[in-house]
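Enquirer: My questions are about this predicted structure, shown below with the sequence.
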Amino acid sequence: GSITEIRKGVLVPANVSKWADLIVSNPWRNENYVELGKEYLNASFCAGQFTDSGELISFLTTHVGASDIPHISPPNAGFSAVDTPLTKDNAFLLLEWIRNLRYKGVHLPKRFLECIKEGSWLKNTLNGYMPPSKSFLIRSPLGKILQTGSVLVDIPLIDVSFYGDRINTYEEVLRTIGVMSSCEEACNFIGKELMSRASSFTLSKNHVLLMLNFIQYLRGSLLPLDKFVNSIKDGPWLKTSWGFRSPEGSVLDDSEWKVASEISNIPFIDQSYFGYEIYNYKEELKLLGVIVGLSGNYETVIKHLKSPSNLASLTAEALLLTTHCMRLLNDSSKLSTSLKGTSCLKTNMGFKKPSECFLYDQVWGCILDVFSSLPVIDHKFYGEKIFSYKAQLRKIGVVVDFEEAVKIFASLFKQKASQTSFYKENVMSFLSCCRKLKGTDYRFPPDFSTIIRNQKWLYTKVGCYMCPKKCILYGPEWKSISSITRLPFIDDSDKFYGTTIYEYKSELKNVGVVTELKNGVRFVPECLDFPSNPSTITPESVFSLLECIRSLLSEHKLSIDDEFKKRLSRNWLKTHAGYRPPESCLLFDSKWSSFFNPTDGPFIDADFYGPKITSFQKELNAVGVVIDLEKGCALLASHLDSLSNTDNIVKIYGYLSEYSWKPEKEDDKKIWISNATEGGKWVNSEECVIHDSDKLFSLKFYVLENIYDKKILPFLIFSMEVRTKPSLDDFVDLWNDWERLSEELSYDKCRKFWMFVMKHLGTNTEKKLFDRLIKLPVTTSSLKIFLVDKKDAFIPDNLHLKKLFEQEKIFVWYPQQNFGPSSIAKLYDIYRKIGARNISESLCKEESSLVNDDGVEMVQVDRNNIFNLKGLVKLILGFLAGSSLKMEPDKRHEAVQGLLNLSFLMTMVPVTVSYSLSLSSGNIVVKKYDKMVRWDRQSSKFFIQKMDEPKRNALKYATYLSETISEGVLSENHDFVPALSELITLGFVLKFKNEDVEFLMESKNLQIFCEDEKFLSSAFPSD
């Protein structure tokens, strides 16, 4: 056995207990209950005492509390016996146990109670055994309810025939374990069963009607029906136009909903499905949440509002319904939002969106008639009732207020004006509207008034639309000025406004149109438009214009601006020089008479205008007419071009000279050149000079001293900037003309040109001559002057070469008379700077070759028969040592060694030299002459031509010999050849005698040194 230290209670042995019959297994074991064993049932003898069978159990029951159902407290645990049908006795045992516990006030544990409620142990009339929580105990009036409800669902009633009437004595216990017995519970059960069935399959039409009939019965019997209604009202069992859905929010259709269905997709109960019988249950449907009747249910209309795309082109009734809904409901934002974006309103332009529409007003609605493009709600279509919904129309965007309407009208007004789409009917309608609104509370706001005044919507006779403040309403007082202006008169032709426009003079004036001349003077400056034929301009028109100018200057305090002056600058004032603009006119008075007569210049024709013209002196001066004597210079100077009368021109020259006038533009520097036969012509001042002392420019310039009086010449120099005489550039241009026109030039022209050049010589002059002169003058022995390319002009710096080439056109010209050597040298220097070259530097020299010519007979001769070689060498050494060369001894000795090494040969044939000169044309001029001697350095031979008459050619021979020797010795110092050649020639004449050479060297300050003495001794040992 076992011992239990702690116990909560004691159970009688199972084999003699009721709890074991009912529960089978022991559920109290885990709750510290002690179950007595069967040993306590047996008889026993212990400690001398005998206990009979069952006596010990009675003792334990009394003294220890051993208990059994129904006196034992239930465990907080379920037991499996209730999951299966209980016998009738066990069922009553269980009910009795619970009744006893309730009587004692013992709390039923949760798990214990739940297993009893949900266990399928209670026998019913349907499916055998079911849980108490799903069973009913019939009680009146529950019986009738269940009887009526049984038509709808199967109801599980406790099987009284099984349990007998005894079961009814346990009504309270049955309620405790979940058995239903109230009306509310019955209705709730029926409803839930119906909804459970509806979730699995669709309820039939009859089911639905029976449900409604059941509710009707409950209502009629004054029985509680909330439980039943609440249990079924949320289920999707009602067939509607949306399909099956819950009654809540569904609608029972009738004629009241016809219009609403146009704008809303309402879930109407399917009348075609249920038939008209459904209308017998309106109140029952209401209880279930079905909406019956439109009145008070406008939220439903809005809730199920169709999409905006389905709200277009609404009927009048539908539109009025929407506005009515908006009026009744505080929050109608969904409806207003949907309508705002939909063309739902019928207007004079078809269906439009609310934001595009206007609601007509009997007073200010005239502005909506001005343009046909404003969509006004068709109140004939909707009826007068539409005007009662002004607030609702405003909410969806319809323009119903004057302030808002005028803003849109102003924008359209501006648009039409900018598009020049303002037609006659628009203007007349608008002016009529202005008249209608006058005196009412409706006034155009300042912004719109500004638009009216500033936009171009009135058509004028200038052929365009203009804003009112720039328009004029014509009247008789405008006649004179209108002939010389293009004023913006409102077009009163039949094509536009006609004479009817004058009926709106007051309205036009109010919007800014000028209706009186005194207020329209300001238009004259910008509208001035003189006719192309100025002879049609009458004096009256001119006086009218001047009066307008007077008004502008005095009353309006305006000045004559540049734009007005530009318009005035037309030929409209008649002068003695024809019609002219003001700035080209003069007003004659006595002060002008000291210089001119009225007909001598562009003076205003007083004979044409009469004396009245002088009364406008101030106005004429303001528009540019010259009044003051000292201010007329520029005008009279410009007038000169039109004159051909020399006397008039001289008068103006005299006037201009008086005021020291100078032209501002080069083009104004023109001179009148009179001509006895043709009258004369105007030429530029650049074409003139005052003097031409050389008489070279008669074809190029007009010499003014031959044309004008001396008194005028200073003016021409000062003002017209006529040059007093031709410039270097003029002379160069003249020379260029000669270069182009001829090859020969006269002595007189050539002399005058080069004398001018020499007189004005300078750095700039030299550069200009170099850049611009192409040809230079050359001459021959015939003294004719030719112009040749400066590359082919040469300076005769060598007289021998000059004589050799004197027949060729190559040597530059110089004056033969009164022209000294220094002047010639100066002129030669100018030629060089222009491009001429020295002849000596420009030739190619070629000597005749005798070395390899086998056909030439040559005889070797003793050098001493020609000259004293030692004296010659000594003289040369002295020159090389003492001249500016200052040559070192070795170099000196090397230079004369070639002379010592020479072989001297005499030939009978001439020893010649050939000079060739290449010209720019490609031609080569060749000249030869007899040189008599030649030094061939390569062969160390010196050739001498045998003379027929030696004495006659002695000097020439000596000269050529000296040049040849000098060139041979100084081959690397050619600049010293002439000096040495001259020295040798003198020594040759003296035959190079030693004492003569000594004297000659002394006279030339030349000497030789000891090194040279040794060299001579070595070279001439026998001497």
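Expert: Alright, I've got the coordinates.
Enquirer: Figure out the length between the terminal residues of stretch 937-954.
Expert: Terminal residues of stretch 937-954 are spaced 24 Å apart (CA to CA, to the nearest Å).
Enquirer: Over it, what's the mean pLDDT, rounded is fine.
Expert: Stretch 937-954 shows a mean pLDDT of 77.
Enquirer: Going by neighbour count, list what's buried in that stretch.
Expert: By neighbour count on 16 or more other CB atoms under 10 Å, the buried set for stretch 937-954 is 941-945, 953. For glycine as for every other residue, the C-beta is placed from the backbone atoms N, C-alpha and C.
Enquirer: Of those residues, which is the nearest to Leu704?
Expert: Comparing the buried residues of stretch 937-954 against Leu704 with CB to CB picks out Asn953 as the nearest, at 65.8 Å.
Enquirer: Strands - which of the buried residues of stretch 937-954 land there?
Expert: 941-945 (DSSP state E).
Enquirer: Distance to Phe988 for those residues - can I get that in TSV?
Expert: Compiled in TSV, these are given as follows (distance: CB to CB, whole Å):
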residue	distance to Phe988
Lys941	20
Phe942	14
Phe943	17
Ile944	13
Gln945	16
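Enquirer: Next, name the residue at the spatial heart of this structure.
Expert: Nearest to the geometric centre of the chain sits Ser418, at 24.7 Å (CA atoms, centre = their mean).
Enquirer: how far away is that residue from Phe448?
Expert: 15 Å (CB to CB, to the nearest Å).
Enquirer: before we move on, the earlier item: Pro582: which of the buried residues of stretch 937-954 is nearest?
Expert: Using CB to CB, the buried residues of stretch 937-954 come closest to Pro582 at Asn953, 96.7 Å.
Enquirer: Name the nearest residue to the closest one, ignoring sequence neighbours.
Expert: Met947 (5.6 Å; CB to CB, 6 or more residues apart in numbering).
Enquirer: ok, that neighbour - contacts?
Expert: Counting by CB atoms under 8 Å, 6 or more residues apart in numbering, Met947 touches 932, 953, 957.
Enquirer: residues near Tyr929, how many?
Expert: Here the count is done by other CB atoms under 10 Å, and Tyr929 has 15 residues near it.
Enquirer: same question, the one 3 residues further on
Expert: Other residues within reach of Met932 by the criterion other CB under 10 Å amount to 22.
Enquirer: cool, Glu256 as well?
Expert: Glu256: 12 surrounding residues under other CB under 10 Å.
Enquirer: Wasn't it part of a helix?
Expert: Yes: counting by DSSP: H, G, I helix; E, B strand; the rest coil, Glu256 falls inside a helix.
Enquirer: Torsion angles phi and psi at the nearest residue to it once chain neighbours are set aside?
Expert: With sequence-adjacent residues excluded and distances taken as CB to CB, 6+ apart, Glu256 is closest to Leu294, at 4.0 Å. Leu294 adopts backbone torsions of phi -80, psi -40, taken as degrees, to the nearest 10.
Enquirer: The one 10 residues further on now?
Expert: The phi/psi pair for His304 (degrees, to the nearest 10) reads phi -100, psi 30.
Enquirer: Tell me, how many residues neighbour it?
Expert: Neighbours of His304 (other CB under 10 Å): 17.
Enquirer: can you tell me how far the residue found closest to Val363 once you drop the neighbours it is linked to in the chain sits from Val376?
Expert: Once flanking residues are discounted, Val363 sits nearest to Thr440: 5.9 Å by CB to CB, 6+ apart. Distance from Thr440 to Val376, counting by CB to CB: 19 Å.
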